[in-house]
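Chemist: Got a sequence here, can you model it:
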Amino acid sequence: MKKVLITGMTGMIGSHFVNACTSKGWETYGVARNSASSRLAAIPIQNLINCDIIGYHEIENVVRKVSPDIVIHMAAQAFNGSSWNAEDITHLTNYQGTLNVLRSCKQVVPNAKILLACSSAEYGNVRPDECPIVEERLLQPFSPYGVSKVGVECLGYQYFANYGMSIYLPRLFIHVGTGHPPATAIQNFARQLALISKGKAEPAIRVGSLETSRDFIDVRDGVDGMMLLLELGKPGIPVNICTGTAHKISDILQILIKISGLEVKVLQDPGLMRPSDEPLLLGNNSRLRALGWEQKYTIEQTLQAVYENWLSRI
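Modeler: Modelled structure (predicted):
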């Protein structure tokens with residue numbers, strides 16, 4: 001039986017990896033700073049280890065204790081928008097935390113497969129005529145989060161190239177699913193609509209820019225793709241985890257409003273605007289499809305699940 005260690009186990013993507021790994025019969029362990037998560041109710045609590053990846057000796061002790069065959073590294077300051085006001089913690093968690101994970105694995109389990117959560121934010125200043133974005137494109141990040149994720153990927157490649165370790169480099173486009181905090185546009189919209197539906201807010205929704213377009217992928221589809229990458233992919237080669245279809249934020253909002261059945265005013269909030277933002281992020285997913293991946297969930301199905309989840313959480 002394989003043993004897998006998931007950092008960021010209580011996060012949205014990490015918790016979906018728990019489901020994917022346990023369904024394969026793998027002995028699954030997780031690292032998180034806070035074990036109080038309802039999403040882990042079905043997981044034996046002894047398999048969740050409190051640990052902060054910023055502390056090298058903490059994560060090394062965990063790796064030594066578990067001795068995993070597979071490490072899925074999802075722990076991060078994971079929000080692009082939040083990184084503008086949290087540059088220090090973004091770089092510390094994402095770069096130094098990843099370095100600590102890699103050093104620990106090199107020391108204890110050098111033959112383990114290691115999957116690092118890289119990001120489409122690494123592409124940065126993308127012109128619409130450069131889309132769909134291929135993995136060979138020059139990385140030009142212009143958010144603190146994007147810069148930190150370039151560092152994560154470079155660390156992964158360094159350990160692959162210098163030490164022969166099996167490091168897998170998925171570049172995650174925006175993953176959408178249930179159990180996520182309201183730190184992204186979709187989650188923020190769905191939460192506001194749920195509050196209005198429950199009579200806890202006035203029928204007005206506050207938004208940032210609605211003009212950008214993004215390649216959104218259901219977290220279940222994304223995790224399926226990354227599991228295929230671990231099984232069939234090649235280490236050291238970045239792979240876009242995306243659908244190959246972009247949706248404008250204004251269209252996403254209208255779909256959510258239609259799903260909610262509400263009549264609401266849409267008000268632009270300057271506090272939700274970013275200093276800079278790519279007008280279009282659309283990925284080429286030919287490398288992912290070459291592994292046999294197929295999209296299962298439509299954007300409407302994903303948004304329906306997110307809205308219903310927020311209704312249950314309010």
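Chemist: Going by contacts, tell me the helices and strands next to the helix ranked longest in the chain.
Modeler: Secondary structure of the chain read by DSSP state H shows that its longest helix is helix 144-163. Here helix 144-163 touches helix 87-91, helix 97-108, strand 113-116, strand 118-119, strand 166-172, going by 3 or more CB pairs under 8 Å, 6 or more residues apart in numbering; DSSP states H and E. Placement of C-beta: from N, CA and C, glycine included.
Chemist: and the ones you listed, which one's lowest on average pLDDT?
Modeler: Of all the helices and strands packed on helix 144-163, helix 87-91 carries the lowest average pLDDT, namely a mean of 90.
Chemist: Of all the residues in that one, which ones are buried?
Modeler: Thr90, His91 (16 or more other CB atoms under 10 Å).
Chemist: Next: stretch 209-219.
Modeler: In stretch 209-219, counting by 16+ other CB under 10 Å, buried: Thr212, Ser213, Arg214, Asp215, Phe216, Ile217, Asp218, Val219.
Chemist: low-confidence ranges in this structure?
Modeler: Where the chain drops to pLDDT under 70, the residues are 34-46, 272-277.
Chemist: I'd say Glu130 and Gln140 touch.
Modeler: No - Glu130 is beyond contact range of Gln140, at 10.5 Å (criterion: CB atoms under 8 Å).
Chemist: Domains of this protein: list them as residue ranges, please.
Modeler: For the chain, automatic domain parsing gives the domain ranges 3-176+217-241, 185-214+245-282+297-313.
Chemist: Does His180 fall in a helix, a strand, or a coil region?
Modeler: Secondary structure for His180, judged by DSSP: H, G, I helix; E, B strand; the rest coil, is coil.
Chemist: so what's the residue nearest to Lys248 when sequence neighbours are not counted bridging to?
Modeler: Closest residue to Lys248 apart from its sequence neighbours, by CB to CB, 6 or more residues apart in numbering: Ser213 at 4.6 Å. Beta-bridge partners recorded for Ser213 (DSSP bridges): Lys248, Leu280.
Chemist: where's Ser213 relative to Arg171, distance?
Modeler: To Arg171, Ser213 is 18 Å away according to CB to CB, to the nearest Å.
Chemist: follow-up on the earlier one: buried set for the longest helix of the chain?
Modeler: Result for helix 144-163 [16+ other CB under 10 Å]: buried residues 144-157, 159-160.
Chemist: before we move on, what about stretch 252-264?
Modeler: Across stretch 252-264, burial judged by 16+ other CB under 10 Å covers Ile252, Leu253, Ile255, Leu256, Ile257, Ile259, Ser260, Val264.
Chemist: ok, now stretch 127-145?
Modeler: Cys131, Pro132, Ile133, Glu135, Leu139, Pro141, Ser143, Pro144, Tyr145.
Chemist: now, among those residues, which is nearest to Ala246?
Modeler: Nearest to Ala246 among the buried residues of stretch 127-145: Cys131, at 7.4 Å, using CB to CB.
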